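Asker: all I have is the shape, not the residue letters:
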């Protein structure tokens with residue numbers, strides 16, 4: 001159910017983006033979620049389980065002194081831990 005909710009959200013976001021002139025520079029994941037078939041490549045979506053395997057995630061938690069749920073309370077922390085896999089891996093999006 002959670003995956004379907006996320007996919008539905010992406011499709012709605014894509015349809016809204018089509019009504020604007022400015023589109024994201026990399027809208028591959030959005031186009032795939034909307035069902036577009038003519039894609040240059042298949043998008044990769046990493047569903048991250050708090051990044052426990054990533055040294056930079058563990059270091060960030062240690063530096064901030066916060067556990068996972070505490071990180072979710074601060075938008076800056078959420079943005080940081082969401083961006084970490086984008087910096088490390090060649091993925092198309094992070095949510």
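Answerer: In hand now; what should we look at? This structure is a prediction, so every number in the text was calculated from the model and none was measured.

Asker: what sits closest to residue 44 if chain neighbours are left out?
Answerer: residue 91 (4.9 Å; CB to CB, 6 or more residues apart in numbering). The C-beta positions use only the backbone N, C-alpha and C, and glycine is treated the same way.

Asker: for the one you found, the count of nearby residues, please.
Answerer: 14 (other CB atoms under 10 Å).

Asker: so it is in which element?
Answerer: Using DSSP states H and E, residue 91 is not contained in any helix or strand.

Asker: wait, it touches residue 41, no?
Answerer: No: using CB atoms under 8 Å as the test, residue 91 is too far from residue 41 to be in contact (11.9 Å).

Asker: where along the chain do the helices fall?
Answerer: For the chain, helices defined by DSSP state H occupy the ranges 2-18, 28-33, 55-64, 68-71, 75-88.

Asker: weakest of those in terms of mean pLDDT?
Answerer: Lowest mean pLDDT of these: helix 2-18, a mean of 64.

Asker: got the buried residues for stretch 84-95?
Answerer: By 16 or more other CB atoms under 10 Å, the buried positions in stretch 84-95 come out as 84, 85, 92, 93, 94.

Asker: repeat that for stretch 31-42.
Answerer: 31, 32, 33, 34.

Asker: which of these sits closest to residue 71?
Answerer: Lowest distance from residue 71 to the buried residues of stretch 31-42 (CB to CB) belongs to residue 33, with 26.3 Å.

Asker: now the closest one: how far from residue 40?
Answerer: 16 Å (CB to CB, to the nearest Å).

Asker: report pLDDT for residue 26.
Answerer: 77.

Asker: ok, residue 74 to residue 60 distance?
Answerer: Counting by CB to CB - residue 74 and residue 60 are separated by 12 Å.

Asker: more neighbours: these two, which one.
Answerer: residue 60 (17 against 12).
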